[in-house]
Every structure is written in structure tokens, then in C-alpha cells.
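# dropping a prediction and its sequence here:
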Amino acid sequence: MNDQASQLRHLATRKRGRKGIRIIAVSSGKGGVGKTNICANLAVALTQMNKKTVIVDADMGLANIDVLLRLHPKFNLEHLINGEKSIKEIIIEGPAGIKIVPSASGNQSLTELDSEQRSKFIQGFAEFEDNVDFLLIDTAAGISKNVTDFIVAAGEVIVVATPEPTSFTDAYALIKTMEHISKKVKFSLLVNMAESVEQAQQIEEKFILVTERFLTVKVEKLGFILKDPAVTNAVRKQVSFVLNNTKCKASTCIKVLANKLCNYCSSNNKTLADFAGQIMEITQE
Ligand SMILES: Nc1ncnc2c1ncn2[C@@H]1O[C@H](COP(=O)(O)OP(=O)(O)OP(=O)(O)O)[C@@H](O)[C@H]1O
Ligand SMILES: [Mg+2]
């Protein structure tokens, strides 16, 4: 434990003065709302804007970003944590040059690492620092500890909800749970699979109204992605819709979203060592 604390201090000192990285968790209360599709295609759009973007597949249950993009990772987070491979060896390249850290394949939770595994995780991420502008964390749905740990460590979360009432209430429940865990997280709402701009705006308004009334945290409106058959089509072909169908409705929405993320400054920029260290601190509690 003392060793880890001094290691963290060392990394923090070494990285002081760097520009910092935008680290954003992409989460939802309900499953199947489009998180993985959004991460993959947002990463492509950001990379096309010359922002080096890495996705961490943090869905420990069913890793699927690799399936979505027809990638075949040989190694994953488990190999990093067990000291068998370096971060550079486990990262794979996807469409348009996006980078993906493949998820551990199932059983091992980040909350169950021993001290040596924690160190490997911290060091691995700290080493990758210079190659990243945006780090997107594709989490599992719901409020398991693995998910909430990643959200706290990121410090910023995009909560994805669809027009389905259950998705709306589960998104609210996620934010309510997070409110009790940390006061420092920055929340924004992204409506996916909206039938129209009007429908998306109505959902946004209603959601903000409810959160303002019953919660103490502020939720920003991040916008929407329209429901588009080009998404399902790209999923079937295992390609990115932003690349496969550059002008479709969903691609246009993703590009607007990427622009928004680049243009609004976040005070949350951190170093990757901060991020990995924070995950480790939380999981030791
Ligand atoms: N904007 C959209 N228009 C049409 N279909 C969409 C859209 N976004 C997502 N989908 C569909 O929703 C399905 C689920 O998407 P995805 O796997 O990205 O969700 P998820 O939130 O990551 O799910 P999980 O919670 O299981 O990780 C996909 O099969 C995709 O075809
Ligand atoms: Mg997913």
C-alpha cells in the first residue's frame, strides 16, 4: 500500500505540466441503448478531427466493441493487469486509426485486484499518456461497482437514454445513485434513437426538469442522435456508420456531438496516471 502511494506520487510528479486528457465515461441505466455504437463512432469522428482517441472497453461482462468493429484482439486488460503484456501490446487499432483497450474477458473485476495488479494497471495507463487527447470509457449498463468506479475516476459521464420510458427512469436512477457516491462528477444527457428532433428535445426538457426538481446535481444537455437504419445496417456489416455512411442522420448527429465535445472546455482534464490512480484508490475503499 505504501509502495503504491509513493508510486502514485512519483507518477503525478512526472506528469505535472502535461496538457491533460479528456476522460469521459459513456454509461446508461438500461442496457442496449447504444453506448458501444456511440463510443465507437464518436471515437472515429474525434479522430477525424485530429483528436487522438482511445476507447477503454470497460464492460467486463460481455466485451463487444471488438465484435461491433470486427476486430480480433489477442490480448486484453487482464494481460496488462497480470503483467504479461504492456499497454502498447494490448491496444488494438480500429477504423480511422482509433485505439481500443480490449476488456478483460469476464470474471475478473477491477475491484478484486491485488496490490501488484493495481500497480501494473496504473503504470500501464501512465505510460500511454502522450498518445491520447480523448479517453472514452464504454461501461456496462446499470449501477454495479465496476461502473460507478469508472464514472468517479473519469469525473465526467455521458448518460445515454432513449425515448423508452424505462430508459428514462433508469438514467435518472443512475444519476441519483452517482449523486450519493460523488459530488464531483460532471453529468450530461445524450438522447439516442430519437424519432425526431422535437421528440429528443422534449425528452431533454423533461429530464432536466425532473433532475432539477429532485436532485442536487446539474445535468447538461449534450444533444441527441436520431434513430437511423444506417446504424443497424452498419452493425450487421461490423463497420462504423460514420465511415460507412458519412451523410446519414446518425453520422451527422455524431459529428455535431464530436464538435460540441471539442468546443466546450472541461475543467476535468486529467492525466492518465490520475485516472488509473483514482480507480485504484476507489477500489481499495
Ligand atoms: N441511433 C440509432 N439508430 C438505430 N439503431 C440504433 C441506434 N443506436 C443504437 N442502435 C441499435 O441498438 C442496438 C444496441 O446498441 P449498443 O450495443 O451500442 O448498445 P449498448 O448500450 O452498448 O448495449 P449494452 O448495454 O448491452 O452494452 C444496436 O444493435 C444498434 O443497432
Ligand atoms: Mg455495449
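Great, that's in hand. Ligands and ions are numbered 1, 2, ... in the order given.

# gap between the closest residue to residue 181 other than its chain neighbours and ligand 2?
Nearest non-adjacent residue to residue 181, counting by Cβ to Cβ, 6 or more residues apart in numbering: residue 148, 5.5 Å away. Yep, even glycine has a C-beta here, placed from its N, CA and C like the rest. As for residue 148, its distance to ligand 2 is 17 Å (criterion: Cβ to the ion, to the nearest Å).

# residue 148 contacts residue 178, correct?
Yes - assessed by Cβ atoms under 8 Å, residue 148 is found in contact with residue 178 at 6.5 Å.

# pull the number of nearby residues for residue 49.
Residue 49 has 14 neighbours, counted by other Cβ atoms under 10 Å.

# how close does it get to ligand 2?
Residue 49 sits 24 Å away from ligand 2, going by Cβ to the ion.

# pull the contacting residues for that residue.
Listed by Cβ atoms under 8 Å, 6 or more residues apart in numbering, the contact set of residue 49 reads 258, 259, 262.

# ok, now which ones touch residue 158?
Contacts for residue 158 (Cβ under 8 Å, 6+ apart) come out as 24, 25, 26, 27, 38, 188, 189, 190, 222.

# show the buried residues in those residues.
24, 25, 26, 27, 38, 188, 189, 190, 222 (16 or more other Cβ atoms under 10 Å).

# any idea which of the residues you listed is closest to ligand 1?
Ligand 1 lies nearest to residue 38 out of those, by Cβ to the nearest ligand atom, at 6.6 Å.

# show me the buried ones among the contacts of residue 158 that map onto helices.
Using DSSP state H, the members of these that fall within helices are residue 38.

# may I see the buried ones among the contacts of residue 158 organised as TSV, with distance to residue 158 and pLDDT added?
Shown next, in TSV, are the buried ones among the contacts of residue 158 (distance: Cβ to Cβ, whole Å; pLDDT from 0 to 100):
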residue	distance to residue 158	pLDDT
24	6	95
25	7	95
26	5	97
27	7	97
38	8	98
188	5	97
189	8	98
190	5	98
222	6	96
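
# check for me that residue 224 belongs to a strand.
Yes - the assignment for residue 224 is a strand, going by DSSP: H, G, I helix; E, B strand; the rest coil.

# pLDDT value on it, please?
Note for residue 224: predicted pLDDT of 98.

# pretty sure it contacts residue 192?
Yes - contact criterion Cβ under 8 Å: residue 224 and residue 192 qualify, at 7.2 Å.

# spatially central, which residue of this protein would that be?
Nearest to the geometric centre of the chain sits residue 137, at 2.2 Å (Cα atoms, centre = their mean).

# still on that earlier bit, how about the contacts of residue 158 in TSV, adding distance to residue 172?
As requested, the contacts of residue 158 are exported to TSV (distance: Cβ to Cβ, whole Å):
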residue	distance to residue 172
24	20
25	17
26	17
27	13
38	19
188	14
189	10
190	14
222	16
